[in-house]
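In: How does the following fold in three dimensions:
(2 chains)
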Amino acid sequence: MTEFTLDKLPREILSRIDFQTAFMISRCIVAAERLQVFRKLKGKKLSAAAVGRRIGVRGWRAEAFLAALTSVGLLKKRGKLYSNTALANEYFVRERSIYWTRLFSAACMQEYQAFSVLEEMLTTGKSYASILGKESQDYVGEMKRDQDYANDFTHMLYYDHLPHAKALAENLDLPGYHSVLDVGGGSGVMSMALVRRYKHLKACVLDIEPVIAVAKKIISKERLTGRISTTVGDMTKHIPDGYDVIMFCDAELGDLKTLFKMVYESLPEGGLVVITDDFSSDDWTVPLYRLMWQLRSNSFWIKNRRQVTGLLRESGFRAVRSRRIYKDTWLLTGRKGLARTPRASRT
Amino acid sequence: MREMTLDRLPKKVLAKLDLETVFKASRCVIAAERLLVFRKLYGRELSAADIARRTGIHGKHCESFLDYLVLLGLLKKTKNLYSNSPLANRHFIQERSIEWTQLWSAECAKDFEAFTVLEDAISSGKDWRRILGKERKPDYQLLQEDSKWARGFTYALYDLNKSIAKILANNLDLSQYRSLLDVGGGSGVMSMALARAYPNLKACVLDFEFVCAATREIIRKERMSRRVKAVAGDMNKSIPGGFDVIMFWDIGHIDTRVIKMAYESLPESGMVVRSCPPPRRSGKPLGRFLWEYLSVRPEGQTRIDKINSLKKAGFESVRYRRINQSIGLIAGFKGRTHKK
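Out: Residues are numbered from 1 along each chain as shown, chains lettered A, B, ... in the order given. Have a look, this model is predicted:
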């Protein structure tokens, strides 16, 4: 999925948006996504009143809201009828799944609330949740409570991770390996890319029960049930053995020392640990969104590449390598012992 | 003062900011302004710890926050020392006053909060204040009740409107007139520009008392006391006579009754002038729709409504003229024998 970054907007529109008040138009787009304006308008030309009825917006505000989206180049108005521009169709309909539309816009909304108390966060050191008297967002807990949310979340990450999965399969050499444990593997999208490239390889996705229920359906739809199995589990408590590759892709890793120790013990000699994530640069400034998450947190939790590779070495892994495979996503590998010489491929 | 619009950001910064989440960057700039980060760093190179002490930013967040401003191209970082980038120096120091920094950033923070309930407000038709359970006094009320706020507001608008005042003076021919009443004229920035352009013209700013106190200071500093004065009053109650031009510049909604009072106060062939944004293809300028959300009700008056309200009050030869990209003026005359 390609992000709709500001450089894609015409300069004429950028020249009308003040940096300090850009939040207004940004918030209108979050609202448009939450109300699914671009999806309701796909292939249609509708009046403000008709759009208002479909998205549940009342009175003069429907016209004002649509005109704001028109001003920023996302809608067109001909006579009294509104339709999507090519830009809106591309970035808000074709490039993103409905799951992304639903979940990301809701997540943006929470982020927006958090940033409304930014100065207080900055000066007191408290988290937004404690300032606003709200519970911190816990997506794992939410998935356990709500199967619909788990369904949306797992599907969203499936579509979002397709390019990462392709990049992983292109960059990771696994000819000497036979079985991958895909820890916190969600939809199984990464495993799918790997088993498609390596015909001898089998994979097993480990995740919480509501996610596995969705993953089974996706794997079956992709006709990979014979190559990819699933198992319910909690990676913070136990890492099953019997696999010669243990992989973590964009998984919430938690206490790395304990985790890497468990992984090391579960792997056979010559086994491989594989981690992909948007790790921070050594100076913490990349990627941008992680820095933003950090700002609204209560503690400093970001790990940079140097820290993670250092912890892998401390846990006993050898031949620890890292390389960027897609945008801000890095592939880290480490081997248990000296029996094999796996490496990130140069292709 | 030039706005710090997004087109002034380097392309590499624009490529990092997602349209849907740019509110975070925008909110960080507001916070930086509220905490006076750029002013504390002006002409200095400081460590994160030094900046934390000077701005009150907690040690835990200071480095992340400053690093983020570095990514936005607003700060530079060299060997753990931070300094303003030329972009920050130009837009946040040289081009804006301290009054603008303080007032505008505080207003932006309030507006940001108002947009937290955007979906609720547009779906239910309720006002955001009602949803949030917050009372926010309108500007005209604050101008009458809070002297400090009124002073900051007056200085901030003085700063903001300097360039448009020059454009107005170049586009409004007052060579045949001698006295101007600038209703709701705030800092007097428009009156001073017109008085400078027309040596025969004297001007009087009519505004609330707390505003006039600041206006008089500004007029003194500008050495225009002999040509421009400020008088306290309320346009909704009366429009003083004795002027041959009455101007309403960028003061929001004006009741037809007030326009009629202006007509009564003017001599035969007197002129009325009011500001009016230009029409756009999409209906109205971007900002106006967003401000309408923040207001209690939509402004409602289109260019045609404004022209008609002048005609209805009795003015003749009413014409609209665009004077730059974002603003135009409507002028009308009392009687057919106007001077120009």
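In: Any idea which helix or strand in the chain has the lowest mean pLDDT?
Out: Assuming you mean chain A. Least confident helix or strand of chain A, by mean pLDDT, DSSP states H and E, is helix A:288-295 with a mean of 73.
In: Please refer instead to chain B.
Out: Of all the helices and strands that make up chain B, helix B:286-294 has the lowest average by mean pLDDT, DSSP H and E, namely a mean of 64.
In: and the helix or strand following that helix, what does it pack onto?
Out: If you walk from helix B:286-294 toward the C-terminus, the next helix or strand you reach (DSSP states H and E) is helix B:303-313. Helix B:303-313 makes packing contacts with helix B:256-265, strand B:271-276, strand B:316-322, strand B:328-333 when contacts are defined by 3 or more Cβ pairs under 8 Å, 6 or more residues apart in numbering or on different chains; DSSP states H and E. Every C-beta, even on glycine, is put in place using the N, C-alpha and C of the backbone.
In: Relative to A:Trp60, which of these is closest?
Out: With Cβ to Cβ as the criterion, A:Trp60 lies closest to strand B:271-276 of the helices and strands packed on helix B:303-313, at 19.8 Å.
In: centroid residue for chain B?
Out: Most central in chain B under Cα atoms, centre = their mean is B:Leu157, positioned 5.1 Å from the mean C-alpha point.
In: And that residue, how close does it get to chain A?
Out: Separation of B:Leu157 from chain A (Cβ to the nearest Cβ, to the nearest Å) stands at 16 Å.
In: And B:Lys76, by the same measure?
Out: According to Cβ to the nearest Cβ, B:Lys76 stands 13 Å off from chain A.
In: what bridges to that residue?
Out: Judged by DSSP bridges, the bridge partners of B:Lys76 are B:Ser83.
In: how about the strands in the stretch 101-250 of chain B?
Out: For the stretch 101-250 of chain B, strands defined by DSSP state E, counting those that start in this stretch occupy the ranges B:179-183, B:202-207, B:228-232, B:245-248.
In: ah, wrong one, I meant the stretch 51-200 of chain A
Out: Defined through DSSP E, counting those that start in this stretch, the strands belonging to the stretch 51-200 of chain A, from first to last, are A:75-78, A:81-84, A:179-183.
In: Please identify the deepest-packed of the ones you listed.
Out: Highest mean neighbour count among the strands of the stretch 51-200 of chain A (mean count of other Cβ atoms under 10 Å in any protein chain shown): strand A:179-183, with a mean of 25.
In: Point out the other helices and strands that that one packs with.
Out: Of the remaining helices and strands, those touching strand A:179-183 by 3+ Cβ pairs under 8 Å, 6+ apart are helix A:189-197, strand A:202-207, strand A:245-249.
In: re earlier: CSV please, covering the strands of the stretch 51-200 of chain A and showing mean pLDDT.
Out: Compiled in CSV, those are given as follows (pLDDT from 0 to 100):
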stretch, mean pLDDT
strand A:75-78, 94
strand A:81-84, 97
strand A:179-183, 98
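In: Can you lay out those as TSV showing distance to A:Ala49?
Out: Putting these into TSV (distance: least, Cβ to Cβ, whole Å) gives the following:
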stretch	distance to A:Ala49
strand A:75-78	14
strand A:81-84	11
strand A:179-183	50
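In: sorry, back to before: could you point out which of the strands of the stretch 101-250 of chain B sits nearest B:Arg129?
Out: Checking the strands of the stretch 101-250 of chain B against B:Arg129 by Cβ to Cβ gives strand B:202-207 as the closest, at 25.8 Å.
In: Figure out how far the closest one is from the centre of its chain.
Out: Strand B:202-207 sits 18 Å away from the centroid of its parent chain (Cα atoms, centre = their mean, to the nearest Å).
In: Just the CA trace of that strand, in PDB.
Out: Provided in PDB are the C-alpha atoms of strand B:202-207 (Å, rounded to 0.1, in the frame of the first residue of the first chain):
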ATOM      1  CA  LYS B 202      -7.400  61.300   8.600                       C
ATOM      2  CA  ALA B 203      -8.700  58.100  10.100                       C
ATOM      3  CA  CYS B 204     -10.500  57.000  13.300                       C
ATOM      4  CA  VAL B 205     -10.500  53.400  14.500                       C
ATOM      5  CA  LEU B 206     -13.700  52.400  16.300                       C
ATOM      6  CA  ASP B 207     -13.300  49.400  18.600                       C
END
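In: partners of it in the sheet?
Out: Applying DSSP bridges, you get strand B:179-183 (parallel), strand B:228-232 (parallel) as the partners of strand B:202-207.
In: highest average neighbour count across those strands?
Out: Mean neighbour counts were taken over those using mean count of other Cβ under 10 Å, and the top value, a mean of 25, falls to strand B:179-183.
In: picking that back up, mind putting the helices and strands packed on strand A:179-183 in a markdown table, distance to B:Ser175 included?
Out: Listed next are the helices and strands packed on strand A:179-183 as a markdown table, based on distance: least, Cβ to Cβ, whole Å:
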| stretch | distance to B:Ser175 |
| --- | --- |
| helix A:189-197 | 74 |
| strand A:202-207 | 79 |
| strand A:245-249 | 74 |
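In: Which residue is the nearest non-sequential neighbour of residue 98?
Out: With no chain named, the answer covers chain A. Across the structure, with Cβ to Cβ, 6 or more residues apart in numbering or on different chains as the measure, the residue nearest A:Ile98 apart from its sequence neighbours is A:Arg39 (7.1 Å).
In: if you could check chain B rather than the one you did, that'd help
Out: For B:Ile98, ignoring the flanking residues on the chain, the nearest one in space by Cβ to Cβ, 6+ apart is B:Arg39 at 7.0 Å.
In: mind checking how far the one you found is from chain A?
Out: To chain A, B:Arg39 is 15 Å away according to Cβ to the nearest Cβ.
In: give me the number of residues near that residue?
Out: By other Cβ atoms under 10 Å in any protein chain shown, the residues close to B:Arg39 number 18.
In: Kindly report the same for A:Phe104.
Out: In terms of burial, A:Phe104 registers 21 neighbours under the definition other Cβ under 10 Å.
In: what does B:His58 give?
Out: The burial count assigned to B:His58 is 15, neighbours taken as other Cβ under 10 Å.
In: Got phi/psi on it?
Out: According to degrees, to the nearest 10, the main-chain angles of B:His58 amount to phi -60, psi 140.
In: Next one: it, what pLDDT does it get?
Out: For B:His58, the model assigns a pLDDT of 93.
In: same check, this time on B:Glu135
Out: As summarised for this prediction, B:Glu135 has a pLDDT of 76.
In: That one: what's its closest spatial neighbour, skipping adjacent residues?
Out: The shortest distance from B:Glu135 to any residue that is not its chain neighbour, by Cβ to Cβ, 6+ apart, is 6.4 Å, and that residue is B:Arg129.
In: Tell me how far the one you found lies from A:Met24.
Out: Applying Cβ to Cβ, to the nearest Å, one obtains 17 Å for the distance of B:Arg129 from A:Met24.
In: who's more crowded, those two?
Out: Between B:Arg129 and A:Met24, A:Met24 has the larger neighbour count (other Cβ under 10 Å), namely 25 against 15.
In: host element of that one?
Out: The secondary structure element spanning A:Met24 is helix A:22-34 (assigned by DSSP H and E).
In: how much distance is there from that helix to the middle of the chain?
Out: On the basis of Cα atoms, centre = their mean, the separation between the geometric centre of helix A:22-34 and that of its chain is 20 Å.
In: same question, stretch A:237-246
Out: Offset of stretch A:237-246 from its chain centre (Cα atoms, centre = their mean): 24 Å.
In: go on, stretch B:198-212?
Out: On the basis of Cα atoms, centre = their mean, the separation between the geometric centre of stretch B:198-212 and that of its chain is 18 Å.
In: Now do the buried residues in that stretch.
Out: Residues of stretch B:198-212 classed as buried: B:Tyr198, B:Leu201, B:Lys202, B:Ala203, B:Cys204, B:Val205, B:Leu206, B:Asp207, B:Phe208, B:Phe210, B:Val211, B:Cys212 (neighbour count, 16 or more other Cβ atoms under 10 Å in any protein chain shown).
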